[in-house]
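>>> heads up, no residue letters with this:
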């Protein structure tokens, strides 16, 4: 008969008490984290302070890029919060981050509140993890100095760090006291509204909790658990609030197209290839055919670290399958998206190590030595997966020290400080090149494909998908005629009359066409004043100023 263990109802931050249980209740391993973060607290604090110093270095030199500033522009739109929420509808993100930005900006009305708020969220998450998680120092180091811990969820001012903070706080709440407080239910609601992907994390966490209750007290335990019922209600409300904010999407050109719908074959393909869905977890800049297979092994292997409890394993498997379907069928996952998977696995492993997640039924025939062996193997896979995230963090440090940033927006703003350009209207192809500019300068920006002024591009199939260089020149002249402002044109593609006619494929189903005749006419009507090509992202472009003396010299096709 397998040795079984269970915990008492009382757990606090100082100790976790373990008592023997009726073997018929199933297998529950003894806890291996009896004094989490107490004996090695000085070392953890030193490690966190070292991490903090590196993050501060990265944050002080970080140049805002378009997705970061886009959120601030939306958050500050409208005279009231309700007007802002109406403008947010269909953007593709729930409201929490935008409400946080608007509230913080109301208190401190400067654009710099954007990176400060993101830093505060990320630093808080890492402090909770460093001081309260039950992991040994090597695992803590790997999380802190990973690409997501060092940059993506702390320096990059996006809404994904909120999910990390909420998950770590939830794990801390479940480890230090009984779950009788309303805090977990409130946190689950917030998690549902931090980003769309976190709907899977909220559902996975609720599944973990459900399995724990059933394994320890049967179906009746669900009805007796008011905290769980409250969290279930809050999660349902949170999902509805998220859906009401996100759908129907206005950025329909950014989604994966399925002309014939999503069939069984597509579903099977998406579920059978986790390495393809999470390929961004591979080291950057390393092209190898082995990575899809390697990532598949590491992702699946890391789930074994949750084998200690059925609840944690169920939550991890659910989130893996949900994210696979989302990344393969709805919206492809960039690093900021896929890195949330190891964050969730770390959270579930945290809960398993402190005795949460329920007990395996005796009918499964699991023995303590077998489960402990599988858990150690799974933790090794998880450690390897986290180890692969270190190069991303080190690349962020290297780029910061070398002065390489993802965006050219700050350099453009410095260029526009020239007296002749301070009130210039900015147009660009692609349109999104100007989205980061409002953080640094207040020049008006005009979107060529949408035929309007604004700060936030709508990636819609209803926009003008095909754009020519002659149309850009004609629009620049028209803008100058209407407001007598200088016009600055940003072009991502180099204009050279010597090249043959060419059509450039751009993002979101856009095309940009140029002929030799258009190029000669454009270069005669403008003067190139800069080439901003030092950024590591796609915000690199030539900067042209429209010659005012040539504003009406040649007709063009107006947009």
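On my side now, so go ahead. What you are looking at is a predicted structure, and each value in this text was computed from that prediction instead of being measured.
>>> where in the stretch 201-350 of the chain is pLDDT low?
Of all residues in the stretch 201-350 of the chain, those with pLDDT under 70 make up the ranges 253-263, 266, 269-270, 285-287.
>>> can you give me the helices in it?
219-224, 226-246, 264-272, 274-277, 291-303, 310-329, 335-338, 340-353 (DSSP state H, counting those that start in this stretch).
>>> Mind giving me the packing neighbours of the fourth one?
Helix 274-277 makes packing contacts with helix 291-303, helix 310-329 when contacts are defined by 3 or more C-beta pairs under 8 Å, 6 or more residues apart in numbering; DSSP states H and E. From N, CA and C alone the C-beta is placed, and that goes for glycine too.
>>> right, and residue 467 touches residue 451 too?
No - using C-beta atoms under 8 Å, residue 467 is not in contact with residue 451; the gap is 11.1 Å.
>>> between these two, who's got more neighbours?
Remark: of residue 467 and residue 451, residue 467 carries more neighbours, 23 against 12, as counted by other C-beta atoms under 10 Å.
>>> Skipping its backbone neighbours, what lies nearest that one in space?
Closest residue to residue 467 apart from its sequence neighbours, by C-beta to C-beta, 6 or more residues apart in numbering: residue 512 at 5.4 Å.
>>> do the same with residue 122
Residue 122 sits nearest to residue 154 (C-beta to C-beta, 6+ apart), 3.0 Å away.
>>> where does that neighbour land in three-state SS?
Of the three states, residue 154 takes coil under DSSP: H, G, I helix; E, B strand; the rest coil.
>>> give me every residue that touches it.
When contacts are counted by C-beta atoms under 8 Å, 6 or more residues apart in numbering, residue 154 is found next to 55, 59, 118, 119, 121, 122, 123, 126, 161.
>>> what about 7 Å?
When contacts are counted by C-beta atoms under 7 Å, 6 or more residues apart in numbering, residue 154 touches 55, 118, 119, 122, 123, 161.
>>> now swap in residue 215 and tell me
Contacts of residue 215 by C-beta under 7 Å, 6+ apart are 26, 310, 311, 358, 359.
>>> any idea how far the residue lying closest to the fourth one once chain neighbours are set aside lies from residue 360?
Right, the one you point to is residue 358. Distances taken as C-beta to C-beta, 6+ apart put residue 215 closest to residue 358, at 3.1 Å, once the chain neighbours are dropped. Using C-beta to C-beta, to the nearest Å, residue 215 is found at 8 Å from residue 360.
>>> quick one on the thing from earlier: could the helices and strands packed on helix 274-277 be laid out in a markdown table, adding mean neighbour count and distance to residue 87?
Below are the helices and strands packed on helix 274-277 laid out as a markdown table (neighbours: other C-beta atoms under 10 Å; distance: least, C-beta to C-beta, whole Å):
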| stretch | mean neighbour count | distance to residue 87 |
| --- | --- | --- |
| helix 291-303 | 19 | 37 |
| helix 310-329 | 22 | 25 |
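>>> Count the residues that sit near residue 207.
Other residues close to residue 207 by other C-beta under 10 Å number 18.
>>> Residue numbering should commence at 678 henceforth.
Taking 678 as the first residue, the last one we looked at is residue 884.
>>> ok, now how distant is it from residue 802?
Noted for residue 884: a distance of 22 Å to residue 802, by C-beta to C-beta.
>>> surely residue 795 meets residue 838?
Yes - at 6.2 Å, residue 795 counts as touching residue 838 under the criterion of C-beta atoms under 7 Å.
>>> Would you mind telling me which of these two has the busier surroundings?
A count of neighbours by other C-beta under 10 Å puts residue 838 above the other of residue 795 and residue 838, at 32 against 27.
>>> contacting residues for that one?
Residue 838 neighbours (C-beta under 7 Å, 6+ apart): 795, 798, 799, 802, 830, 831.
>>> run the last query once more with 10 Å
Residues near residue 838 by C-beta atoms under 10 Å, 6 or more residues apart in numbering: 774, 794-803, 825-826, 829-832, 871-872, 1013, 1017, 1020.
>>> what does the model give it for pLDDT?
Confidence at residue 838, expressed as pLDDT, is 97.
>>> Quick check: it is in a helix.
Yes - counting by three-state DSSP, residue 838 is located in a helix.
>>> Would you quantify the distance from it to residue 810?
17 Å.
>>> Any idea which helix or strand in this structure has the lowest mean pLDDT?
strand 693-697 (a mean of 31; mean pLDDT, DSSP states H and E).
>>> Now the two most distant members of the contacts of residue 892.
Spanning the widest gap among the contacts of residue 892 are 703 and 988, at 12.0 Å by C-beta to C-beta.
>>> Need the overlap of contacts for the two.
Joint contacts of residue 703 and residue 988 (C-beta under 10 Å, 6+ apart) are 892, 893, 1035, 1036.
>>> could those residues go into JSON lines alongside distance to residue 880?
Shown next, in JSON lines, are those (distance: C-beta to C-beta, whole Å):
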{"residue": "892", "distance to residue 880": "18"}
{"residue": "893", "distance to residue 880": "21"}
{"residue": "1035", "distance to residue 880": "17"}
{"residue": "1036", "distance to residue 880": "22"}
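>>> List buried residues within those.
Buried subset of those (neighbour count, 16 or more other C-beta atoms under 10 Å): 892, 893, 1035, 1036.
>>> What ranges does the protein have for its strands?
Taking DSSP state E as the criterion, the chain carries its strands at 682-688, 693-697, 1102-1106, 1122-1124, 1129-1130, 1143-1145, 1164-1168, 1179-1182, 1188-1191, 1203-1209, 1218-1223.
>>> give the contact list for the residue nearest to residue 925 when sequence neighbours are not counted.
Among residues not flanking residue 925 along the chain, residue 767 sits closest, at 5.9 Å (C-beta to C-beta, 6+ apart). Counting by C-beta under 10 Å, 6+ apart, residue 767 makes contact with 922, 923, 924, 925, 926, 927, 928, 929, 1135, 1137.
>>> Kindly recompute the last result at 8 Å.
Contacts of residue 767 (C-beta under 8 Å, 6+ apart): 923, 924, 925, 926, 927, 928.
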